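In: Quick one: sequence and predicted model below, then my questions.
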Amino acid sequence: MPDKPRYIIAIDQGTTSSRAIVFGHDGNIVSTGQKEHEQIFPHAGWVEHDPMEIWTNVREVVGLALSKANLTRHDIAAVGITNQRETAVVWDRNTGEPVYNAIVWQDTRTQPIVNQLAENGGLDRFKDTVGLPLATYFSGTKIKWILDNVEGARERAEAGDLMFGNTDSWIVWNLTGGTDGGVHITDVTNASRTLFMNLETLAWDEDILKEFGVPKSMMPQIRSSSEVYGTVAGSQLLRETPVAGILGDQQAATFGQAAFAQGDAKNTYGTGCFLIFNTGEEIVRSENGLITTVAYQLGDAKPVYALEGSIAVTGSLIQWLRDNLGMINSAPEIEDLARQVEDNGGVYIVPAFSGLFAPYWRADARGAIVGLTRYVNKNHIARAALEATAFQTREVLDAVNADSGVPLSELRVDGGMVANDALMQFQADILGVDVVRPKVIETTALGAAYAAGLAVGFWNDTDELGQNWDEGKRWTPQMEQSERERQMRLWKKAVTKTFDWVDDDVQ
């Protein structure tokens, strides 16, 4: 047995897959296990996952990551968790069985609940308290939907038999014993995505819970992002290993990017796109369509806050071209197609599949491809699909600059799409600032590993973590300012074409 564990393992429970990644002290990846789970679409606008499939996959990927590196639990100092935020699981505390599939953050079925709650006070009714507008995106409306629509669920919840959690809580509860003493907790970053946590007190707001009709007994205990919550239970491969860090995926990526200082920012390009701007210990209320969220809290220290711009559809637009239209066979092919043309041929794609998130918050929007002529071919469509991600990011960054009053000088990026050079160059061009990719682009898992490692003394402090960050590649703007302005003008025009699509006859 080694004298001292030399590694941290992070469980990254994402929207399309679950992964386990082992990291060394230098922040580099030692091994990875990954497994996709089914995307369930029962109706237009509905997106679900099977929580039992996710839990099974998590155990499998932990085994894969350990076996690939020939490691055992004795080599692992702690487990960190990061997860798809806002994806709601409700389960029975006595049986461990979910009462319904997990309702995914992209799901829009709860729009009638949003409309009903907004009748008295509008969409920003609770924003001063929780930092969020009323939207289908957040967990709160999903819990209410399950209690209102699953037979017997409300009665069981009021009897104290049901538990709620985003997927972090579901994983931790199962890891630490499930029905046999599992720990029912979440961290401040995940709690800040429910519509129920008071940003100042970091506690559940009982008045808002009552407005939603959600019993407080369902809610997990809110803890910091970096402390020992419990140990892995039973006969699992990681038994007795401390579970010591939880960060929602975008906050985890920010942490993994070492964006610890006020004014630091990162953008993660995944299924959706999420730009987080660190505002330090100050709660900044957005005037420009951003949300206020908790970036992280380390143990007993004060919480660090952030502004966030959330974009619903970026990488999933490429998946749509692959799976729904059959235009490509694999996601990387999109770059090959896009490179075969000089520009987008006048085509703009606004992927408002679930409405528009930041900075518009238009639930009535639906996707549009505009500017089509006979000249346009699939290469132009491919290029427009990539550019949609960059345009949406520019709009969010404009909002961040307006709210913070401090223009960003460079943007740190991560996530699967940053391997795409054509996209990253266009991103730098349309922003007019440098775009920087770190050497380790798996920053989401790395952030969770860092949070867990800090809690058990594997790393000493955030200064040490900052020294691990290394620049991998930098893209510098090459576009003329006049062309940048022309492109943004046309993009904004395209966005307006998606508004007011949903009405009584169209969902």
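Out: Alright, I've got the coordinates. Numbering: from 1, shown residues only.

In: which element is Glu335 on?
Out: Using DSSP states H and E, Glu335 maps to helix 333-338.

In: any residues touching that helix, and which ones?
Out: Here helix 333-338 makes contact (Cβ atoms under 8 Å, 6 or more residues apart in numbering) with 318, 321, 328, 378-379, 382-383, 385-386, 420-423. Glycine gets a C-beta too; all of them are placed from N, C-alpha and C.

In: Adding pLDDT, distance to Ala448 and secondary structure, write those out as TSV.
Out: Output for these, formatted as TSV (pLDDT from 0 to 100; distance: Cβ to Cβ, whole Å; DSSP: H, G, I helix; E, B strand; the rest coil):
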residue	pLDDT	distance to Ala448	secondary structure
Ile318	89	25	helix
Leu321	91	31	helix
Ile328	91	31	coil
Lys378	93	38	helix
Asn379	94	38	helix
Ala382	93	33	helix
Arg383	93	34	helix
Ala385	93	30	helix
Leu386	91	29	helix
Asn420	86	24	coil
Asp421	89	28	helix
Ala422	88	30	helix
Leu423	90	26	helix
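
In: and those, which two are the farthest apart?
Out: By the measure Cβ to Cβ, Lys378 and Asp421 form the most distant pair in these, at 19.9 Å.

In: now the helices: where do they sit in the stretch 151-300 of the chain?
Out: 153-158, 167-175, 188-191, 206-212, 249-256 (DSSP state H, counting those that start in this stretch).

In: need those in a markdown table with distance to Lys493, can you?
Out: Listed next are the helices of the stretch 151-300 of the chain as a markdown table, based on distance: least, Cβ to Cβ, whole Å:
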| stretch | distance to Lys493 |
| --- | --- |
| helix 153-158 | 45 |
| helix 167-175 | 38 |
| helix 188-191 | 36 |
| helix 206-212 | 38 |
| helix 249-256 | 29 |
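
In: of all those helices, which gets the most neighbours per residue?
Out: Highest mean neighbour count among the helices of the stretch 151-300 of the chain (mean count of other Cβ atoms under 10 Å): helix 249-256, with a mean of 32.

In: relative to helix 167-175, how tilted is that one?
Out: Between helix 249-256 and helix 167-175, the angle comes out at 90 degrees (axes from the mean of the first three to the mean of the last three Cα atoms, to 10 degrees).

In: what's stretch 367-382 in contact with?
Out: Residues contacting stretch 367-382 (Cβ under 8 Å, 6+ apart): 313, 321, 327-328, 334, 337-338, 340-341, 343-353, 384, 490, 494, 497-498.

In: Under the pLDDT cut-off, which ranges of the chain? List them.
Out: 1-3, 504-507 (pLDDT under 70).

In: Name the residues of the helix or strand containing Leu465 that come out as buried.
Out: Assigned by DSSP H and E, Leu465 falls within helix 462-468. Of all the residues in helix 462-468, those buried under the rule 16 or more other Cβ atoms under 10 Å are Thr462, Leu465, Asn468.

In: residues of the helix or strand that it is followed by that come out buried?
Out: Where DSSP H and E defines the elements, the next helix or strand beyond helix 462-468 is strand 471-475. By neighbour count on 16+ other Cβ under 10 Å, the buried set for strand 471-475 is Trp475.
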